[in-house]
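In: sequence unavailable; structure follows:
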């Protein structure tokens, strides 16, 4: 959607001036970069006596979807990086009753320790590694190309300003960050239509992404009761409640199932929480 | 320093190349006449003490000659070009019942829809292959060009084929390859940051090989 | 010489004697001569910038697998890990073309020389609308600043080619460029307005302010060319401005003039752009033809061969220039039936161009050629423009255009016309009229070195591009190494880049000569070239108001080597032949 003209024109001048001062480098000069440069680990800023850890799993009921093969025949160099089964998508990974690539974050909190260091996003054998990642507002995302061919990184957020940059050969790194919270920002490569990643941008450090075993960990959470939101690109979003005690480890699990395939997958729309048949449902935007 | 037209592999290329060389000879002669004239005059009439320039405001006869001669040559060239153009792109030039492919361009891919085993496009057995264009030689084929996003241009140098793919339009072109081999589609219209690498493989088979390849693809999908 | 009397009407022009501040005299001046000099400095600056962008592009084309030397100082959005990024390359391509066309060549031809020469050559004391004239320069200043700033905004400068083909230019999500594109479109609208104001001024001045006796067919060919150019500008620029505003709306407020998803039509942009764009090509060449005619006549010491044919050729080029735009669109998806009509109109327009070329040669024929630097560049113009004109015949032929469209053959062609043509003529014009503008001569030795280096390097850069285009190299590609059919020309690409470096470097020789001569050059007489047109019949530089007395014109503009004039080989437009040589008949 294009926003209104007047608003845009006023933003133009300001943004232009800002970028001109910053030399157009939209990554390094941001708060994330500064925090990353200073060796101030998040743990140093929190009192261990007041925080706990959230440890959880993403369960998956029903038949696991079969891994999807990617036709990389037009990119022989990438295809060569795979075993005898050929290139497989790492987007939706469900196995042994667990679901990977689920982004989990607390809602209704903000602030917390400043982001520390950069988050890595690699392009390897024509896939994004990792496929889902979380960053803090302003935190630097260091994007690397490990393939010796052209990739472009086309991020199309709705709240933030998007970017569309390229990395024509191996070894090139670029730095980007997002100034506004947004779950999730889709990222794609237009040269390789199958390449897709999602970045969850939140304004606090309390987030995690489930690994292949379905587990995730959110450390250093101040004691209290929170609503947590889980997001998956194919099975949609859901929320849960968790109480963290100082020094303790709270468990939190989300139950996805194969019949949630085709659910509405919110992307950067205003948050709507309501009570539905599966308990609390989280949606973005006025829908249905 | 390979300053030449690449190998030609299409029936249209034969006439295009012929026209290219006809123009090259015509303009080459004009080039030599003009440049030699300028150099000759520059030397012959260079400043000399006591030399006075010839006072004249021109010559009607000369003006008529050098208006008429280029006009006639260019008119003939224009009419000849128009004829060749009509044979290639004219409304009635599109062959009937030729094997048809849909080529859909997008940033930065060529997606080719094949007619499948029934040989007809827009039927259930069609299949799509990304960045690979296989087709048979020695028969006319039709490509229906479309674009999903911005303007691209379908360019196969060896086939002497170039046509923009414009979003919102379906543009049919045809050509007939006279040989087999592996070549490339290049994008010839600036389409964004991946423009330079928007290539696809072109494989021209003889008909039997093409049918075999097509059957193999259809089975795999 | 003593017998020569310059006749005037006897009416002294009122000169302003009130003191002027520096700001009023040199910055916000309404004097057409000062405005012309402002334009000259402005356009030379952008010529340097545009050239530098080209050098960066050439480096990438020649050595795509190398890091860009000095690229480290550029932000990561342009050069990452030492390598130039394709999106920055696309911005270079786009802004090189845009800057050269809109901020260098066009304002140099028109802003500088229409401003400087029209009043002086027709015997007027200034432009018809001096304040509009000042405004037309000061509109260019924000346009230039926006253009420069656009490189440094998020997303970088416009990157959809100087032709700004929609939808790429209208969809930030597809190009990655939002602000840069908007900045450039705003600049373009300002440039359009500046150009329209200028055109109104030039047309009015030529029609209304000619000195007594300056009939239409006594006007110097430069004035004719600039007058017709102004008409072209007045008719073509509003189309571009309107199209630019429509594109700006598509980009910002959600209209879909050029976007098919909202019912728009991408080809509409191309029709509008080229309806402007082709007349623009003639805006960029007609004044150059005018300068060349003038300089060759003075250099050959002969009247222009076929003066009337030259005037009619200018008029017919301008007229036909409005009906050939479709030849840019043969492969665009436009109805192929239109191909033949645009082929014919395009080949027709080659005829007046051929007439002009032969007439320049006719002017040199049996002349007494003085090869000063300006003359060298003017003759160089004819030689190079001929190549550009001839290569145009290839693409006018629709079937051949199928193959060479959007290849380096086109790049070669446009540079033979715009550099070998317009810029050679402009260099000639600068050397020729410099003494009038600044009251000092440019250094001839340096000028000649500059000419020969420019001629050699220019041809080494652009002639091989015909070969590169024949091999099938597409325009605007960042790296050709991925294409099998382009493997054989990579060495040519490297050669072109070396030559381009030489060409750019020789520009600095010119720049040195220009600025050094402005301060230290030999003092110029009123008429250093013994030329006939009116601007040479007033001091160098002319005073405010141009004339001590309004000149009266007695005959055509290029009366060199008149047989009735015995003690010299020229006769100024305001000299009466019977006064010069009582024996001569009244012409």
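Out: Received it, and whenever you're ready, just let me know what you need. Owing to the predicted nature of the structure, the values given are computational and were not obtained by experimental measurement.

In: which positions in the stretch 151-288 of chain A make contact with chain C?
Out: Neighbours of chain C within the stretch 151-288 of chain A, by Cβ under 8 Å from any Cβ of the partner chain: A:154, A:156, A:161-169, A:171-175. In this view, the C-beta of every residue, glycine as well, is placed from N, C-alpha and C.

In: what's the pLDDT at the residue positioned nearest the centre of chain C?
Out: Closest to where the C-alpha atoms of chain C average out (Cα atoms, centre = their mean) is residue C:105, at 3.6 Å. For residue C:105, the pLDDT comes out at 97.

In: and the one 10 residues further on, by the same measure?
Out: Turning to residue C:115, the model gives it a pLDDT of 95.

In: just checking, it touches residue C:32?
Out: Yes - assessed by Cβ atoms under 8 Å, residue C:115 is found in contact with residue C:32 at 5.0 Å.

In: so those two - more neighbours on which side?
Out: residue C:115 (31 against 25; other Cβ atoms under 10 Å in any protein chain shown).

In: summarise which helices and strands the helix or strand where that one lies is packed against.
Out: Taking DSSP states H and E as the criterion, residue C:115 maps to helix C:113-122. Packed against helix C:113-122 by the contact rule (3 or more Cβ pairs under 8 Å, 6 or more residues apart in numbering or on different chains; DSSP states H and E) you find helix C:32-62, helix C:179-208, helix C:221-252, helix C:286-300, helix C:424-438.

In: and the longest one, what's buried?
Out: Within helix C:221-252, the residues that qualify as buried are C:221-241, C:243-252, counting by 16 or more other Cβ atoms under 10 Å in any protein chain shown.

In: contacting residues around residue C:355?
Out: B:63, B:66-67, C:306, C:309-310, C:313 (Cβ atoms under 8 Å, 6 or more residues apart in numbering or on different chains).

In: just after the helix or strand where it lies, pick out the following helix or strand.
Out: Per DSSP H and E, residue C:355 falls inside helix C:338-364. As assigned by DSSP H and E, the chain's next helix or strand after helix C:338-364 is helix C:373-396.

In: what about that following helix, distance to the chain center?
Out: 14 Å (Cα atoms, centre = their mean, to the nearest Å).

In: then stretch C:460-479?
Out: Distance, stretch centre to chain centre, for stretch C:460-479: 23 Å (Cα atoms, centre = their mean).

In: pLDDT below threshold where in chain B?
Out: Applying pLDDT under 70 to chain B flags residues B:220-221.

In: tell me which stretches of it form strands.
Out: Counting by DSSP state E, chain B has strands at residues B:99-106, B:109-114, B:127-130, B:132-136, B:140-147, B:152-156, B:161-165, B:171-176, B:181-187, B:200-205.

In: tilt between the first one and strand B:109-114?
Out: What it means is strand B:99-106. Put simply, strand B:99-106 runs at 160 degrees to strand B:109-114, going by axes from the mean of the first three to the mean of the last three Cα atoms, to 10 degrees.

In: ok, strand B:99-106 near chain C or not?
Out: No - using Cβ under 8 Å from any Cβ, we find that strand B:99-106 stays clear of chain C, coming within 9.7 Å at best.

In: tell me what that strand is packed against?
Out: strand B:109-114, strand B:132-136, strand B:140-147, strand B:152-156, strand B:161-165.

In: let's see 10 Å
Out: On a contact count with 3 or more Cβ pairs under 10 Å, 6 or more residues apart in numbering or on different chains; DSSP states H and E, strand B:99-106 meets strand B:109-114, strand B:132-136, strand B:140-147, strand B:152-156, strand B:161-165, strand B:171-176, strand B:181-187, helix B:207-220.

In: from chain A, how far off is the residue lying farthest from the centre of chain B?
Out: Ranked by distance from the centre of chain B (Cα atoms, centre = their mean), the top residue is residue B:50, with 56.8 Å. Counting by Cβ to the nearest Cβ, to the nearest Å, the gap from residue B:50 to chain A is 64 Å.
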